[in-house]
Every structure is written in C-alpha cells, then in structure tokens.
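Asker: return a 3D structure for these sequence lines:
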Amino acid sequence: MTAGPTQQRLARQDGWYEGRGIDAEAEHLIDIRLRNAREQGVVLAATDPAVRVIRSYGGLRLKRSAQSEGAWGMEPTVGYRNHALDIKELAEGLGAELFPVGYEYSDFGVILVDERGRFFLLQRRQGKNCCPGRQKREPGSD
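Answerer: From the prediction side, this is the model:
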C-alpha cells in the first residue's frame, strides 16, 4: 500500500504528512462502522490494512489527480442505507474480508480495503439512499 510520488504529493497538498496518525479518532470511527454494520445484521472485520489507511488518512479529502475534480472523502462511517450487506456480499465473492475506509465524492461509492491491502469501490445499487451513518461533509466544511 505504498503511494507513488504523484499520489504522495497530492496527499500532502490535502493535509497528509509522513507519520500522520489519528489513532484515537480512528478507533472511534471504526467502532461506529462496526456498530452500524451490526445494526444492519452484518458482522464486518476491520482488516489491518484498512485500519492503517484510516489512521493515516482518516478525515482527509484526497484529490484523485491534479487534473480531476474527483476526490475521496476518507470518512469510514459514510455509506448508503443497508450497505453493510452489499459489502459482505462482495467480500464473500472475492473470498476476502473488506472494510470501508471512505467514499468517492461524485457518487458516494464506498471505498473498501481488503486484508491484502487492495482497494475496491462499491457503488450503491439503484434505489438505495446515501449516508445514514455519519452525515456527509460538504467540501470545505471542515
């Protein structure tokens, strides 16, 4: 899970720095996500790579590229209604545990990291509502 030079430069512009850690807040965010999944009747596991991503990048809005308006909101508690079941179904199909680390700003797809450090984007299914967990933050509202 090492970012290339361009991604590191963009992340630094967005507030990330080497050694950044939001350990206590990360644990709180993970607990919220786990509790929300249980309320949906699903058990998720916080994978070690996902926990590392949340600790290092949690709370940031990361631009995908210098030329793009697209961004990732690194808020692991944001999702759409009943998304935990969709996460579990995808995980079973992949044969790997998945855990949310954020969302994609343009369509609120959930960004997931598996136990091997691979990233996935889970887009909401037609007719599902966004963001029942934590309220979505508007860009620049931090």
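Asker: any idea how many residues pack against residue 16?
Answerer: Using other C-beta atoms under 10 Å as the criterion, residue 16 is surrounded by 18 other residues. Where you see a C-beta, it was placed from the backbone N, CA and C, and this is true even at glycine.
Asker: then the one 4 residues further on?
Answerer: Residues near residue 20, counting by other C-beta under 10 Å, number 15.
Asker: so it: helix, strand or coil?
Answerer: Residue 20 carries the three-state label coil when classified by DSSP: H, G, I helix; E, B strand; the rest coil.
Asker: same thing with residue 78?
Answerer: Three states are possible here, and by three-state DSSP the one that applies to residue 78 is coil.
Asker: what about the residue lying closest to it once chain neighbours are set aside, which helix or strand?
Answerer: Of all residues not flanking residue 78 in the chain, residue 103 sits nearest, at 4.7 Å (C-beta to C-beta, 6 or more residues apart in numbering). When elements are defined using DSSP states H and E, residue 103 is found to belong to strand 98-104.
Asker: circling back: ok, now which ones touch the residue nearest to residue 78?
Answerer: Residue 103 sits next to 72-73, 75, 78-79, 109-111 when contact means C-beta atoms under 8 Å, 6 or more residues apart in numbering.
Asker: helix or strand right after the helix of greatest length in the chain?
Answerer: Taking residue count as the measure and DSSP state H as the definition, the longest helix of the chain comes out as helix 23-39. Sequence-wise, the next helix or strand downstream of helix 23-39 (DSSP H and E) is helix 48-57.
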